[in-house]
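A.B. asks: no sequence on this one, just coordinates:
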């Protein structure tokens, strides 16, 4: 069955199947820390991993997270050693995001584990985890969408959208795989 705009009834949305993973008080505390400290230019980049750990993230050693980075839920985030996350990156992790060692997530990149069932009249969630394998690179303003694995040493080029798995050592650009 195809759902058209006139069939859609968003007021019936239930959010079924989506678990935020922590209670409201923890969510509010993270929201305050994220917006008052974590994202600010004056917060030392090497302090950000400690803040993520305090909220349940698994974060390796020598991780550099620049300012204006947004993380939806730290408790659904795993980061390996020697990872860089550039300014204005956004990790929308309604489901887990796993980042292997020696990965670079460049400026303005978007990792989004959330989506919706387009054929659902109530537009229910269709979320899935993201995995960035060791040595991969998500370049500036690139997007990795829900359910995608970016293979070891693979690249999602600047401005590209990875909506399917990117094989190891592949380069995915705005024109497709290279």
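C.D. replies: Alright, I've got the coordinates. For clarity, every value in this text was computed on a predicted model and none was experimentally measured.
A.B. asks: show me what counts as buried in the lengthiest helix in the chain.
C.D. replies: When secondary structure is assigned using DSSP state H, the longest helix within the chain turns out to be helix 24-33. In terms of neighbour count (16 or more other CB atoms under 10 Å), helix 24-33 has its buried residues at 26-27, 30, 33. Quick note: C-beta positions are derived from backbone N, CA and C, even for glycine.
A.B. asks: following the chain past that helix, name the next helix or strand.
C.D. replies: With elements assigned by DSSP states H and E, the helix or strand that comes after helix 24-33 is helix 48-54.
A.B. asks: how about residues contacting that next one?
C.D. replies: With contact meaning CB atoms under 8 Å, 6 or more residues apart in numbering, helix 48-54 is reached by 33, 37-38, 57, 59, 63, 65, 69, 71, 74, 77, 79.
A.B. asks: from residue 118, how far off is the residue nearest to residue 114 when sequence neighbours are not counted?
C.D. replies: Leaving aside its chain neighbours, residue 114 sits nearest to residue 94 (4.2 Å; criterion: CB to CB, 6 or more residues apart in numbering). Distance check for residue 94 against residue 118: by CB to CB, to the nearest Å, it reads 17 Å.
A.B. asks: between the two, who's got more neighbours?
C.D. replies: residue 94 (21 against 10; other CB atoms under 10 Å).
A.B. asks: hmm, residue 62 is touching residue 80, no?
C.D. replies: No: applying CB atoms under 8 Å as the test, residue 62 and residue 80 come out as separate, 10.0 Å apart.
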